[in-house]
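*Asks:* structure of the sequence below:
(2 chains)
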Amino acid sequence: MKNIILITAAALLGLSSCVDLNLHPLSEASSENWYSTQEEIEMSLNEMYSTKCIPVYGAVNPSICGPLLGLDIVRRQETYYTYNGALNADNANWYNESRWPNLYTSIARCLRIISNLDKARAAGMPENLITQYEGEAWFFIGLAYGDLAFHYGDVLLDKTGMTLEEAYSMPRSSKSEVLAYSYECFDKAAGLLPESYSGLQKATKGAALAYKSRYALYNGDYAIAAEAAKACMDMGIYRLHDNYGELFTSATSDENIWFFRGDVSLKCYYWLATGSNSMIYNTLPRVHGGWGVYGPTYELFCAYTCTDGLPIDESPLYDYRDPFANRDPRMSMTILPFATAFTASVLDGTYDPADYAFLGIEHSPNPMKTQVTRISDGGLISNTDSKARAEHASYNGLLFKKFVDDTWKENGYSGAATNYIDMRYGDVLLMYAEAMNELGTCTQDVLDQTINLLRERAYRGTGLEYPKVIAGSQEDLRTVIRTERFVELAAEGHNYNDLLRWRIAEKVFNRPIYYLTRAWSGSTTWDGDMSTVTNEDFVALCKRWEEGRFPFGGVPEIDENGIADLSPMAAAGDIVQATMRSFNKDRDYLWPIPSGDLLVNGNITQNPNY
Amino acid sequence: MNLQFTKACLLAAMISLSCPAVTVMAQDRSGITLTRHGITIKEALDAIEAQGTYTFVIRNNDIDLSAPVDVNASNSDIDAVLKQILGAKGISYEINGSRVSIYSPTPSKEKNDDRFMLSGTVRDKEGEPVIGAGISVNGGAAGTVTDIDGVFSIQVAVGDVLEISSLGYSSRTVTVRNSKPLEIVLDDDFQMIEETVVIGYGTVRRGDVTGAISGVRGDAVAERASQSLSTALQGQVAGLQVTRSSGEPGSSGNIVIRGVTTMSTNEPLIIIDGVAGSLDDVNPQDVESVSVLKDAASAAIYGSRAAAGVVIVTTKRASDNAFSFDYNYSYAIDTPTGRPSLGNAVDYFNILNEIRWNDGAGDEHSQFSPDYIASYKSNNLSDPYHYPDTDWMDAVLRKTASHQEHNLSISGGRDNLRTKFTFNYQTGEGYYAHKTFDRYNGRLNNDWQIAPWLHAALNLDFTYTDKTAPAAGNPIRSTYIMPPIYTPYWADGSYADVKDGTNILAAVNEAGTSDTDLWSGGGKAQIDITPLEGLTITGAVAPRLSFTKIKTFNKAVRLYYEDGRPLFHQSFNTNSLEEGRNDTQSITYQFFANYQKRWDAHSLSAMAGYEGYSYKWENLGASRLNYTLNRFPYLNIGPENYQYNNGTAGHNAYQSWFGRAIYSYKDRYILQANIRADASSRFARNHRWGYFPSVSAGWVISEEPWFNAEPVSYLKLRASVGRLGNERIGSEFPYQASITFGSQYLYNNATGAVSAVQTAYQDYYAFDDITWETTTTYGAGIDATFLDGRLRFSGDLYKKTTENMLLTLGFPSYAGFSAPKQNAGDMYTKGWDIELGWNDRIGEVSYGISANLSDYRSRMGYVGDTKTVNGNYLIEQGSYYQEWYMLQSDGLFQSADELIGADGNRVPTYSSNDTAGDIRYIDQNDDGTINGDDKIRLGNSLPELIYGGSIFLGYKGFDFNLSFQGVGHQKVLYQSTWYQPLQDGWGSVPSILLGNYWSKYNTDAQNRDARYPRVTASNIVSQTAGSDYWLFNGAYFRVKSIALGYTIPQKIVSGTFIKNLRVYANVTDLPAISRYPKGWDPELGSYDFTSQSYNNYLDFFSTSFIFGVNIKF
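*Replies:* Model prediction:
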């Protein structure tokens, strides 16, 4: 028995050493010894190149950014937090895609990288790389603070990497102080970053200057905005793409300063297709398998000037019965054009479906046109972009053309590689013009270097002389510049911010969304025989088409910001009020600080009226 | 009568009953040495038996054992010796191994003329059959023993006296009066009770228990006819709360013991045959017993992982020398306990018009004209494809489903080897296509008594589960929100486009399947050495492996417009394959010694040991997209330019030392002490060890000589204090600031394409001094029985204090890191459990009622001076754990006038769109706005007064059992999805909304009674802001199971190869009685803190109608 006890005692000792408790993560690294090699710092910086750290507005991820759509895009009758009065601090992180924490995460990570660069230097990393990496880090910090200051006003300013104790008690710093630091970071970045890269495209000197200009302009620092924009222009490496329409479907361009490019085989998309929020389905016309849900607004439709450079309420060239005729060529490159009953070629019988083809199929919202032509073989297919065949055909009769190309239909509609361009040279030119005008120094020279270049590009190849902008009063130029921004940058995600900073959101976002009456033929196989139609609203819609009142008759008044007032058209019964927008001028210009942060830090105050 | 002899008879009789075809096996027959003259036959047999090799079974009562014989044997063969003893008297015998049956060769008919076969049933006071009770006639040797159902039959004559005896019970005598079957109840013999309770690394005598331990018998588990063990425990034990989150076939439940005590996992530690495991690994039919260790004193031996309590499951093992073969089959028809209903197309049109009108549309029929709506119904009858009115739930979901189960059990053993094998097969289907569940579970438990001092045991178990689900996932939400105005098919039978290509019926039927195969297996090899009497040294190794294989093949689904143009389903427009392989491996090492000694009135039991555990997991995934073909779900067939893969791994480990001592004096005063020291790899080296002591004491007052308080038959007081730990906080390395790897995509100027680049970032902030959270529990309890044990009562009061709680405190979202857990909080939980039982019989009807009730409140202590708001819940000092924290409402604005205050200004509203028909919120701080600052604490969100119980009735061959379970009170938030029309902007209209919402079309009186606010799309955020407007009492009562069984009388089955035949019918999970809206089950509507979401759209729970048969061979 003694032996048994001995054996068991030995076994006991043996067992106690079978389990090793000194374990380390298997598929993660530890921060203790991170940031010490070139690879580690580069990997840390790579994480910044996402839409979290370079926040995009527009329609990239409509489930979240939908609320940030401006007056240029409409999704049927839907309204969003930002213009239906429902902004509140509890949902603050939802409606703006966690903008607040994401930008602070960006700041914290970059500060940590900067503070560890000495470690990398000691480890022998080449100085030119250290310079670039530091520049990248300052770029992201500058961008984060610029965006925070614009949307939240006074924000917490952390320049060194706050400790947790500091975090629980840090107050908000004034907006001007935050902006000053943002500009300082952009300046450092511009001084350190290269002008271009031969390999992977990362933040450049030009991007630092352009974003500095954007946030300075957004925040009313016009001198800083003008100076930065000019510095970017003077680099001489950016130029406008030859063709306005092709810019948005090209893989690359000298006009792009910062853009996100997707890749189908990497499943990386900036034009997403996820379920009912699919940008692809929602934008593509129905004859191409889409739903035509996102569309241009009537306000955008009206904003394009006529070829004489005058707004539609002033130009004699405008005929509501043929609204695409004699308009700024950018209109037909942005909004899918169609012939009306009064289009010249229809009247004289020379109408050719190929003239109105998009992606190989004729486009017409004509409520009596049951079929459209497939250009390749002349075959006829059901016209589901018209109320003749589809109840849910575009609610206001308009569809987008900008950005959309055949690649949107490939890959099972699950995503397109199409660029999301967040900063382009055309924007820099407009920012320079606007800043100079606000400073009262917008000379003809400035106009010729900016807006007139954009207009020349817009009309290039049309055989038409572009309507040159001539220097005039600050007010007149302001109208021209704001109109130019609205149409040149349509659907690029900048309009909401422009409406905020121009302080006109309270005006335009307290107007209804209009659309056509919901009436349709009632059958997806309707043969066009009006005698079988019983729905009076649809009969009326067809009649309006025949009278050239599609989408509406008459000429709306265009205000000093280039924005149309469509209420007379609704009063006339051509269009109907779909839903109301709502914007609280005493509250909604600033976003609320997420309420959770007010609970943990009593030194933070909320923005007014939240 | 010689007790050992009785036992021998009993055992032999059981063998002869259970295994009549056993062949005589030649065994190593030891020689018999016995030389006596003039002794009785009985004395001679006793003497041989005492030599240890042979036992005797007397098969006839008419053998005269008192006849004198002479024996003269020296190391003689048994056969020769028995010839001397029995042969001379003309008594026959048969030697089967070590067992000898003795019988009179020709039972003379004449002699038994007045005899008849009398049957009877022996039960204990709880109505449970007493197995193996010996029945002897007129003081002779046992004539027979009861079978597994307590049934016996024996030849008797009127006037014979039967003695019924069984270990642990007082013997009874019954005089035979007539041939009516006997119903005999044996009283527990407290003097003899040596019943043991499994307590972890050993057992304790029931009488020595000083902690709060509840037991559940295996047959109470099996009776539930649940597909999983966790759900079979629902309502069985006071203080054990089981919540289910899904009714999908084979799904299991979450268990919480004595309430919530921590903000990390509250799942108790599950110990299966001594090793940590999962209840899902055990087939409910295999359960011998379940012990629930509820207080610290009981659970402390499991230290670090026992803060949330311990559930110990012991599986059945073969009993001595009893052979049996059981087969059980059941078939069940399932129907949902609830299914919401939706309004029809006309309801949809009207609501949609009203929503748009409310939201600013120019006229009240902006969407659908009155004519269109008025004629829709008749149009639908004549032209259903242009005027569809589809009930999508009916179109996609079946009204009933079914499941069935086969269970096979083979068990048997000899002295030195016992083995039991069980095999269980379950199969079931869900309420929609391609939803199936199959599970094969086997368990083999072996015991070897190699030498008197050496015992070995080997357990093996395996489970193979095969689950199939449509690749489209659970369609319940999709069918619920799909408006009726779309047709699923066209006239030619092709799938319709529905809304922009979201035909859920087509997706469920055609979009492929997701198959999950789970293999799980484990075992335990254990050696027990008994070097000294009372000392047992145990060593065990228990490995466990699991392997999961997931294959999801999404197939492109073609839909068609009415004119025949095809389109793809919006979510299933290409073929793609995803494969996943996950494996886990764990191993537990145990080494412990138990020592037990009794002397005089003292009893001591001590245990000390070591346990080590390590766990490793690895996940692998691969996929390819855009397959051309949809018939070959293998990676190689997919295009190489669309291939993706991923893999991760992790591990953790702990080791522990522990010890226990139990001392009892005169079985009256009992003292127990435990200590456990644990070290976990989850914490930094210097913060790794935790020490968890406990002490408890018991006083059996009824054992005191002075105690004489009829009707109290047993009374024990218990008290305990102890500390437990928790290290299960999700993250494996919370003390390390780990760097997470990822990918980003950058344009590459060199290639003109996009490159994926590696990224790295620190996501979570890390506190390097993070360590155990500890829970200190104070408890006191009473166990009592009254009225000769017919009434049982057990009650416990407890208080738990959790310190250094690992929780995510309100963490600044601008800090740059995700919030980590930290040792930062205290929580206080107070509660009580009561269990009551009554058993008795009236004539031939035996019956029993048992009930349990428990309640607790968890309040937060110090939580770092912070206030953490988690959606509609709050955690701050003094609040309940996850207390409701929302706005206070004051009904609906009944008119636009009510929005103007006395001062002529607009009253504060949540949203500037608020108008008549919206909810009026109270501006608590009078600052003129309604916002987060106006939220107030609105009470406990957790269930209160959790109860369960059962009723048993037995009459002759019939048995009836009803069990129920429920929650007495709970503040539940009314879910917007239950009533909200047009979810996602285009969804359906729930029926419960209709006629019950504020509307411009209503009279003022109707509006005052309206339950729901006006319909809107743009002001949803205001209406669904968390507020007490939506709180209601979510109490419910549910009949868990009604079981009726009938055991076919012996006289019918005797003579066949069947030994026992029982048929039964059960109804399980009847629809609950509650205030939940029609169609929603209280358990499905519950909030799941683990996933931080409501369970609204998970698979329905089922009311099952089960028919089964149980056959013993």
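*Asks:* rest of the way, CA atoms for contacts and neighbours
*Replies:* OK.
*Asks:* residues of the stretch 1-150 of chain B that sit close to chain A?
*Replies:* Residues of the stretch 1-150 of chain B lying close to chain A (Cα under 8 Å from any Cα of the partner chain): none.
*Asks:* how many other residues sit next to residue B:569?
*Replies:* 28 (other Cα atoms under 10 Å in any protein chain shown).
*Asks:* got the contact list for it?
*Replies:* Contact analysis of residue B:569 by Cα atoms under 8 Å, 6 or more residues apart in numbering or on different chains lists B:497, B:501-503, B:507, B:556-559.
*Asks:* over to residue B:572?
*Replies:* B:507, B:511, B:554-557.
*Asks:* sec struct for it, please.
*Replies:* coil (DSSP: H, G, I helix; E, B strand; the rest coil).
*Asks:* over to the one 5 residues further on?
*Replies:* Classification of residue B:577 by three-state DSSP places it in strand.
*Asks:* helix/strand/coil for residue B:1051?
*Replies:* helix.
*Asks:* for it, what are its contacts?
*Replies:* So residue B:1051 contacts nothing (Cα under 8 Å, 6+ apart).
*Asks:* separation between it and residue B:183?
*Replies:* To residue B:183, residue B:1051 is 17 Å away according to Cα to Cα, to the nearest Å.
*Asks:* what does the stretch 601-750 of chain B put close to chain A?
*Replies:* Near chain A, when you scan the stretch 601-750 of chain B using Cα under 8 Å from any Cα, you find B:610-614, B:626, B:641-643, B:648-655, B:679-681, B:685, B:732-733, B:736-750.
*Asks:* narrow these to just the buried residues.
*Replies:* B:610-614, B:626, B:642-643, B:649-655, B:679-681, B:732-733, B:736-741, B:743-749 (16 or more other Cα atoms under 10 Å in any protein chain shown).
*Asks:* so which of the residues of the stretch 601-750 of chain B next to chain A belong to strands?
*Replies:* The strands, defined by DSSP state E, take in B:610-614, B:626, B:643, B:648-655, B:679-680, B:738-748 from these.
*Asks:* next, the buried residues of stretch B:196-206.
*Replies:* Quick answer for stretch B:196-206 (16+ other Cα under 10 Å): B:197-202, B:204.
*Asks:* could you dump the residues you listed into a markdown table and include pLDDT?
*Replies:* Below are these laid out as a markdown table (pLDDT from 0 to 100):
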| residue | pLDDT |
| --- | --- |
| B:197 | 78 |
| B:198 | 80 |
| B:199 | 81 |
| B:200 | 80 |
| B:201 | 86 |
| B:202 | 82 |
| B:204 | 81 |
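*Asks:* in JSON lines, list those residues along with distance to residue A:256 and secondary structure.
*Replies:* Shown next, in JSON lines, are these (distance: Cα to Cα, whole Å; DSSP: H, G, I helix; E, B strand; the rest coil):
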{"residue": "B:197", "distance to residue A:256": "76", "secondary structure": "strand"}
{"residue": "B:198", "distance to residue A:256": "73", "secondary structure": "strand"}
{"residue": "B:199", "distance to residue A:256": "72", "secondary structure": "coil"}
{"residue": "B:200", "distance to residue A:256": "69", "secondary structure": "coil"}
{"residue": "B:201", "distance to residue A:256": "71", "secondary structure": "coil"}
{"residue": "B:202", "distance to residue A:256": "74", "secondary structure": "coil"}
{"residue": "B:204", "distance to residue A:256": "78", "secondary structure": "strand"}
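*Asks:* now for the residues you listed: which two are most distant?
*Replies:* Across these, the longest distance by Cα to Cα is 11.3 Å; it joins B:197 and B:201.
*Asks:* show me the shaky parts of the stretch 601-750 of chain B.
*Replies:* B:729-730 (pLDDT under 70).
*Asks:* neighbours of residue B:834, how many?
*Replies:* Neighbours of residue B:834 using other Cα under 10 Å come to 20.
*Asks:* how about the secondary structure of residue B:120?
*Replies:* Once three-state DSSP is applied, residue B:120 turns out strand.
*Asks:* what bridges to it?
*Replies:* On the basis of DSSP bridges, residue B:120 is bridged to residue B:152, residue B:182.
*Asks:* my guess is it contacts residue B:149. True?
*Replies:* No: counting by Cα atoms under 8 Å, residue B:149 is not a contact partner of residue B:120; they are 10.6 Å apart.
*Asks:* would residue A:103 count as being in a helix?
*Replies:* Yes: Residue A:103 forms part of a helix when assessed by three-state DSSP.
*Asks:* quick check: the residue nearest to it when sequence neighbours are not counted vs chain B, distance?
*Replies:* Nearest residue to residue A:103, sequence neighbours excluded (Cα to Cα, 6 or more residues apart in numbering or on different chains): residue A:144, at 5.2 Å. According to Cα to the nearest Cα, to the nearest Å, residue A:144 and chain B sit 12 Å apart.
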